Structure formats: C-alpha cells, structure tokens
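Peer 1: Please work out how this folds:
(one chain, ligands or ions: 1)
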Amino acid sequence: METLLIVDDDVSLLETLKMHFEEIEHDGQPRYQVATATSAAAGLRAAQEAMPSVVILDMMLPDRTGLEIIEEMKGLCGDARIILVTAYHDMETTIRAMKAGAFDYIHKPFPDPAALDLVVERALEYRQLSRRADEVNRENAAVRLGDIVGTSPSMQQLVKEIGKVTGSAATVLITGESGTGKELIARVIHNYSYDEPRPFIGINCSAIVDTLLESELFGHEKGAFTGATSGKPGKFELAEDGTVFLDEIGDMSLMLQAKLLRVLQEREFERVGGVKRIKLRARVIAATHRNLAEEVEHVRFREDLYQRLKVITLLIPPLRVRREDIPLLVKHLLERINEKVHKRVTRVPPEVMERLTRLPWRGNVRELENVLTRAVVLAPGDVLRGDDLPSLDSTPPPEAGRPSATNVMFTAPTVDDASLIPTLDEAERLLIARAMAVTKGHKGRTCQILGISRPTLERKLQKYNLSQGQNPLGHGFTVKDDP
Ligand SMILES: Nc1ncnc2c1ncn2[C@@H]1O[C@H](COP(=O)(O)OP(=O)(O)OP(=O)(O)O)[C@@H](O)[C@H]1O
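Peer 2: Just a heads-up that it's a prediction; the model follows:
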C-alpha cells in the first residue's frame, strides 16, 4: 500500500480526495492510505510522520506557500514525489514549481478523477524507477576492471577485448561455461562504457516462463492479460540509456527470439498489449553457456539473431585451461568471503593451494568460490584446511566427464562443442607444457619435438609463465636448462 499526503486548506476538498483515493483498489487490496493536513506547518509534520510516497501540495496555504516548503518537505520524506496544485496558469509559476523540485503540477479546479489518478500513478512509477536505478547504481559501483582476476594469456587477451568494446554501444555476446564470470564481465563493460552511473538491468532468460519473460522484457499495459491490473515498464525501459543484460539467451524461445531480433533491428518496441512505440536506448549484452552455432544447426536458435549477436563475441575460457589464475583467484575470493562471513582465513598452505590448482573445477570460478566459502566457514583458525576441500580422488578425471579444452586438443573430440576449443595462445601454451612434461623439462628435446629454436622456446616459456615448471596439464616437470 502506498501512502499519499494531501496538503490543502480546503477541508471539504481534502475529504473528497481522501475518500476518492481510499476507494481505489489494487489486487483486491486498498491501493492508498491517505494522510491530510490543512497548513504548511501541519503538512511538514505529517510528511515526517507518514513518510508518503507522493504528496499533493497546494500552492496557497494559510501560513506559507507550497513552493516555499517543497525543499523542506523533500528533506523530510526522502524520495517522495511532490505534485504541486496551483490556481495560476502562468508560465512563471510552472517554471518555479519545477525548478523547486516538484515532480509535476496540476491546476485547480481539479481535473477529472481519472486524470488526477494518472498523475499520481506516474509519480509512483517514476519513484519506483529511480529507486531501482539507485539500487542498481550502488551494485554497479562495486564492480571495476580490477575485479576481473587473471594473468593467464587468455584472460589478458579478454581484458584487451573488453577495453575495445567499452568504447562503442554495440551489442555484445559473451559465451563461456557456467560460472566463468559472464555477468561479471558484462558489468565491467557497462561500468567502463559511461562516465556517469547508468542502470544495469539483468534478466535470466532461462529462469522464467515464456509469457512472463515477454512482459518482463517489454513491459505490459493495464489489461494486457488477466491479472495485469496496472501498466508496468519492462527491462528494456527500466534500463533507460544503460545496459540490458540478457543472461542465458540460448534458452530463449524462438518466438521471443524473433521479437528480440526486431527490437535490435528497429531499436523500438511496444509494451505487451500496447500500441505506443518506445525507443530502445539501452545497450544489449547477451550471454550464454550454450554453443549458439550448434543451437542454430539444431534449429533451436534463429540464425539471423545469432548473426546479429555474434559480431562482437567475448569467449571466457573455462578455469581448468587457465589454472595459473587459480592462486590469484583464491586470494581475491578469500578476501571477499572473509568479509562476507566475518572471518579472517588468510593462510593457504602450499599443499592446499596445490590441490586447489589441480581440482577439475567443472563449475568454474563460481564452484571455486563455493568450495572456498565452505572451507572458510569450517576453518577453526586463520588457515584454510585441505580436509575441508574436495579430494582429488573423489572427483572423476576430466576424461570421464565433460571434455576439457585439453582433451579436445589432445584426444579425438567426442563432442563438437566449440566453446571448449581453446584460443591459439592457450593451445600453444598447452602444447609446450605437454612437450616439457614428456621430456621431463629438457629444453633441447622440447625444441626438437616442437621444431622451434631455443630462444623461441625461452620466450614462450616466459610468456606463458611456464618457466617455473607449472604445468596446466597437471603433470609436474622440472625445467632443465642444460639437458
Ligand atoms: N575472473 C574473475 N575474477 C574474479 N571473480 C570472478 C572471475 N570470474 C568469475 N568470478 C566470480 O565468480 C562468480 C560467478 O561469476 P558470474 O556469475 O559472473 O558467472 P556466469 O558465467 O555469469 O555464471 P552463470 O552462467 O552460471 O550465470 C561471481 O562471484 C564472480 O564475481
């Protein structure tokens, strides 16, 4: 229920308006509770007590003018929207009212009740929108480029690509397995695209049934379907000139894909049940864990939409093909988790870190975060204990589960999942690591196998951080400088 405050010295008008608003229902419940006051001083007191969402404030009050108290009133009841009521129709009063921070003004004698209801509804809708935007901006403020942890070549490459797309308003497709950080990357792109805070509105397309998703995305007008007792803006409207993040777009129905394609082409849309064309001002970032090319082949995803989305694609590699990022991620996540659960688990013994870098991490960074959270909660002191982690034996070897990029490279592929194919850099790194493991770290033999010169090998060992015998394949090797 929303609280309305009406301030007017005309007592009979006050009573009529109070009765009118108290009769309005929403979902079978009263829509408003109404507080009233007959002077500026009483109005200010009532504002503080009732904390209204909307104030209908008369300009001519016995003690002070409505215009004079707008600012004070706003200070008392936060983000209430103030509708000023004036008997004057001159331009100057209008401008002064809006400048003083009124949301809108209406003229006396009052318009018909439906028009008055509309102004109040609009005030409520805007209040809701700006509340949401504030919330979203607070959330966004926390995500900066530094939150993307990773020094592996593939992550460095990804950060460079992010840098390129922040300069444009182009639609971006982010692909990667579940938990690899697609939403994190979308938020970073958003934050680096604008100097001032703008809304970031996300929606998971796989979590909602089709008809509801349509109205969530595009909004609906009152009466568009049973239960639509009032109009509601959708995500595309709420995002204003910010970003709409369509998570799991690969799970969207073909019907909605067609509608989305039209919106992306025309940059306009209508609310469900509406006729008014609304401009799409927001940028669209879509994400999926699915291989959309494969979805197109199986006629589960529209080819034309795929072509439109894939122009700028960012592929986030799974954690298991960039294991060198794990120690840094562990440090970063531990800080976050400690803060969240109010603990100070800061020490990770080498053998525990070793285990963490070797686990398969099919759920990627999210799984790492979950495993660490559990271990932090269970830790009696400041040391992360190996006993609180999954054991290496209890997890099936990569070959037994979903094939990893490593397997895709080194075994005959059984699944043609493009998202598992590593980048060229990643592939080169894996090949060098494998050759080093096979030769037990003998650089001369490694050069022979790979058909490269010694300086080239040295450069690449440096580039891929393999000089210390770290091996993304999980087999250790000791670098031997003089074979
Ligand atoms: N490179 C990274 N650096 C720091 N934190 C990361 C990184 N990648 C992911 N995370 C963290 O891991 C968690 C999961 O990330 P996110 O939700 O962005 O993944 P997702 O790919 O969108 O997952 P899903 O596909 O399941 O929606 C988040 O807490 C995120 O902050």
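Peer 1: use CA for all of it now, contacts and neighbours both
Peer 2: Fine.
Peer 1: For the helix or strand E92 falls within, name the packing helices and strands.
Peer 2: For E92, the element it lies in under DSSP states H and E is helix 91-99. With contacts taken as 3 or more CA pairs under 8 Å, 6 or more residues apart in numbering; DSSP states H and E, helix 91-99 sits against strand 104-107.
Peer 1: on that earlier part again, the helix holding E92: which residues count as buried?
Peer 2: Buried residues in helix 91-99, counted by 16 or more other CA atoms under 10 Å: 93-94, 97-98.
Peer 1: Would you mind reformatting the residues you listed (as CSV) and adding columns for pLDDT and distance to the ligand while you're at it?
Peer 2: Below are these laid out as CSV (pLDDT from 0 to 100; distance: CA to the nearest ligand atom, whole Å):
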residue, pLDDT, distance to the ligand
T93, 72, 50
T94, 72, 47
A97, 77, 45
M98, 77, 42
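Peer 1: Just flag the most distant two among those residues.
Peer 2: The most widely separated members of the buried residues of helix 91-99 are T93 and M98, with 8.6 Å between them, by CA to CA.
Peer 1: which bits of the stretch 201-350 of the chain sit near the ligand?
Peer 2: Within the stretch 201-350 of the chain, the positions adjacent to the ligand are H289 by CA under 6 Å from any ligand atom.
Peer 1: now with 8 Å?
Peer 2: 247-248, 287-289, 329, 332-333 (CA under 8 Å from any ligand atom).
Peer 1: Kindly reformat those residues as a markdown table containing secondary structure, neighbour count and pLDDT.
Peer 2: As requested, those are exported to a markdown table (DSSP: H, G, I helix; E, B strand; the rest coil; neighbours: other CA atoms under 10 Å; pLDDT from 0 to 100):
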| residue | secondary structure | neighbour count | pLDDT |
| --- | --- | --- | --- |
| D247 | strand | 24 | 96 |
| E248 | coil | 21 | 95 |
| A287 | strand | 26 | 97 |
| T288 | strand | 21 | 97 |
| H289 | coil | 21 | 95 |
| L329 | helix | 20 | 95 |
| H332 | helix | 15 | 94 |
| L333 | helix | 20 | 95 |
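Peer 1: so what's the residue positioned nearest the centre of the chain closest to, chain neighbours aside?
Peer 2: By CA atoms, centre = their mean, the chain has its centre lying nearest to G202, at 4.6 Å. In space, and not counting its chain neighbours, G202 is closest to F245: 4.4 Å by CA to CA, 6 or more residues apart in numbering.
Peer 1: swap in V272?
Peer 2: Nearest one to V272, counting by CA to CA, 6+ apart, is H220 at 4.3 Å.
Peer 1: Now do the one you found: how many residues are near it, please.
Peer 2: When counting by other CA atoms under 10 Å, one arrives at 22 neighbours for H220.
Peer 1: can you pull the pLDDT of it?
Peer 2: We have a pLDDT of 90 for H220.
Peer 1: can you tell me the helix or strand for A375?
Peer 2: helix 364-378.
Peer 1: and that helix, C-alpha only, in CSV?
Peer 2: Output of helix 364-378 as CSV, limited to C-alpha atoms (Å, rounded to 0.1, in the frame of the first residue of the first chain):
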residue,chain,number,x,y,z
ASN,A,364,34.5,-22.8,-12.8
VAL,A,365,35.0,-19.7,-10.6
ARG,A,366,31.6,-20.0,-9.0
GLU,A,367,32.4,-23.5,-7.9
LEU,A,368,35.8,-22.3,-6.6
GLU,A,369,34.0,-19.6,-4.7
ASN,A,370,31.5,-22.1,-3.2
VAL,A,371,34.2,-24.5,-2.2
LEU,A,372,36.3,-21.8,-0.5
THR,A,373,33.2,-20.4,1.3
ARG,A,374,32.6,-23.8,2.8
ALA,A,375,36.2,-24.2,3.8
VAL,A,376,36.4,-20.7,5.3
VAL,A,377,33.3,-21.3,7.4
LEU,A,378,34.7,-24.6,8.6
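Peer 1: Any residue of that helix touching the ligand?
Peer 2: Yes: contact of helix 364-378 with the ligand (CA under 8 Å from any ligand atom) involves 364-369.
Peer 1: quick one on the thing from earlier: pick out the most distant pair among the residues of the stretch 201-350 of the chain next to the ligand.
Peer 2: E248 and H332, at 26.2 Å, using CA to CA across these.
Peer 1: Could you list the buried residues of the helix or strand encompassing N338?
Peer 2: Following DSSP H and E, one finds N338 within helix 326-341. Counting neighbours by 16+ other CA under 10 Å, one finds that the buried residues in helix 326-341 are 326-327, 329-330, 333-334, 337-338.
Peer 1: ditto for stretch 206-217
Peer 2: Neighbour count says stretch 206-217 has 206, 213-217 buried, by 16+ other CA under 10 Å.
Peer 1: now, among those residues, which is nearest to Q257?
Peer 2: E214 (10.3 Å).
Peer 1: quick one: low-confidence parts of the stretch 251-400 of the chain?
Peer 2: Low-confidence segments of the stretch 251-400 of the chain (pLDDT under 70): 393-400.
Peer 1: Give me the residues contacting the helix or strand harbouring A286.
Peer 2: Using DSSP H and E, A286 maps to strand 283-288. Contacts to strand 283-288, defined as CA atoms under 8 Å, 6 or more residues apart in numbering, come from residues 169-177, 182-183, 186, 241-250, 309.
Peer 1: from those residues, which would you call buried?
Peer 2: Neighbour counting by 16+ other CA under 10 Å classes 169, 171-177, 182-183, 186, 241-250, 309 among those as buried.
Peer 1: For the strand holding A286, list the C-alpha coordinates in PDB.
Peer 2: The C-alpha atoms that make up strand 283-288 are tabulated as PDB, following Å, rounded to 0.1, in the frame of the first residue of the first chain:
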ATOM      1  CA  ARG A 283      22.800  -1.300 -24.900                       C
ATOM      2  CA  VAL A 284      22.200  -5.000 -25.000                       C
ATOM      3  CA  ILE A 285      24.700  -7.500 -23.700                       C
ATOM      4  CA  ALA A 286      23.700 -11.200 -24.100                       C
ATOM      5  CA  ALA A 287      25.400 -14.200 -22.500                       C
ATOM      6  CA  THR A 288      25.100 -17.900 -22.800                       C
END
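Peer 1: and the gap between D147 and K331?
Peer 2: 12 Å (CA to CA, to the nearest Å).
Peer 1: How about P318?
Peer 2: 19 Å.
Peer 1: circling back: closest one to the ligand out of the buried residues of stretch 206-217, please.
Peer 2: S206 (10.2 Å; CA to the nearest ligand atom).
Peer 1: Isn't the closest one up against L246?
Peer 2: No: with contact defined as CA atoms under 8 Å, S206 does not reach L246; the gap is 9.8 Å.
Peer 1: Dump stretch 122-134 to PDB, keeping only the CA atoms.
Peer 2: What follows is stretch 122-134, C-alpha atoms only, in PDB (Å, rounded to 0.1, in the frame of the first residue of the first chain):
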ATOM      1  CA  ARG A 122       3.000   8.300 -12.900                       C
ATOM      2  CA  ALA A 123       4.700   9.900  -9.800                       C
ATOM      3  CA  LEU A 124       4.700   6.500  -8.200                       C
ATOM      4  CA  GLU A 125       6.100   4.800 -11.300                       C
ATOM      5  CA  TYR A 126       9.000   7.300 -11.500                       C
ATOM      6  CA  ARG A 127       9.800   7.000  -7.900                       C
ATOM      7  CA  GLN A 128      10.000   3.200  -8.300                       C
ATOM      8  CA  LEU A 129      12.200   3.600 -11.400                       C
ATOM      9  CA  SER A 130      14.600   5.900  -9.800                       C
ATOM     10  CA  ARG A 131      14.700   3.700  -6.600                       C
ATOM     11  CA  ARG A 132      15.600   0.800  -8.800                       C
ATOM     12  CA  ALA A 133      18.200   2.800 -10.700                       C
ATOM     13  CA  ASP A 134      19.800   3.900  -7.400                       C
END
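Peer 1: That concludes my questions; thank you for your assistance.
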